[in-house]
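> kindly generate the corresponding structure for this input.
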Amino acid sequence: MSLMLKKFNRICRVNFAHTVLIISASLCLGACQNTTNSPSKVVALNTVNFGQYYLALKNLSDTELETEIKQQRLKKEEGSIEAEINLILLHSLPNSPTHNVYSAKSQLNEQLKLHKNYYLSSDDQAFIRLLKDQLNQRIVSISASD
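Now for the predicted structure:
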């Protein structure tokens with residue numbers, strides 16, 4: 001009987017240790033999963049880079065542009081960083097119903113400040129810098145002509 005109790009105790013200790021290990025691993029993995037999905041870490045992945053999006057905008061009619069603006073505003077209200085940048089592109093587009101160089105530039109500056117840790121591909125970074133430079137040049141030319 002004593003031998004059976006010793007074996008039982010040893011089995012229980014091993015099972016308890018395995019159970020604790022499994023529970024600890026599950027908690028750690030669950031914590032990792034929760035961290036990657038937390039709102040502060042959400043990264044809106046671009047399905048299309050900003051250069052491609054801008055080129056697509058150039059081919060839209062006035063009606064299609066208005067529809068796109070409404071869709072991007074809805075996405076922005078839902079918290080999409082990509083939509084915020086897309087709206088800036090819509091403001092900077094010369095044939096857009098919301099074309100406004102000053103608004104595009106101020107919103108771009110604001111977004112760059114707010115989302116400085118937002119991941120952008122090197123292509124998107126180059127496009128955003130080019131856009132910023134062109135908006136600055138446009139503002140300077142408008143100021144010079146006044």
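
> separation between Gln52 and Leu131?
Going from Gln52 to Leu131 by CB to CB, to the nearest Å gives 14 Å. Backbone N, C-alpha and C define where each C-beta goes, glycine included.

> who has more neighbours out of those two?
With neighbours defined as other CB atoms under 10 Å, Gln52 and Leu131 compare such that Leu131 has more, 20 against 14.

> what about the closest residue to the more buried one other than its chain neighbours, neighbour count?
Nearest residue to Leu131, sequence neighbours excluded (CB to CB, 6 or more residues apart in numbering): Ser92, at 6.2 Å. Per other CB under 10 Å, the neighbour tally for Ser92 reads 24.

> which ones are touching Ser92?
99, 101, 104, 131, 134-135 (CB atoms under 8 Å, 6 or more residues apart in numbering).

> list buried residues within those.
101, 104, 131, 135 (16 or more other CB atoms under 10 Å).

> and the two most separated of those residues?
The distance between the two most remote of these (CB to CB) is 10.9 Å, for Val101 and Leu131.

> domain parsing for the chain?
Domain assignment for the chain by automatic domain parsing gives 2-40, 44-145.

> where among those domains is average confidence lowest?
Sorting the domains of the chain by mean pLDDT places domain 2-40 lowest, at a mean of 47.

> Leu87 and Asp62, how far apart?
17 Å.

> ok, now Leu90?
12 Å.

> who's more crowded, those two?
Leu90 (25 against 10).

> check contacts around the more buried one.
Shown in contact with Leu90 (CB under 8 Å, 6+ apart): 57, 65, 68-69, 72, 96, 98.

> right, and the helix or strand after the strand or helix carrying it?
Counting by DSSP states H and E, the element that carries Leu90 is helix 81-92. Sequence-wise, the next helix or strand beyond helix 81-92 is helix 101-114, with elements assigned using DSSP H and E.

> what packs against that next one?
helix 81-92, helix 122-145 (3 or more CB pairs under 8 Å, 6 or more residues apart in numbering; DSSP states H and E).

> dump the ones you listed into CSV; add distance to Leu112 as well.
Converted to CSV, the helices and strands packed on helix 101-114 look like this (distance: least, CB to CB, whole Å):
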stretch, distance to Leu112
helix 81-92, 10
helix 122-145, 7
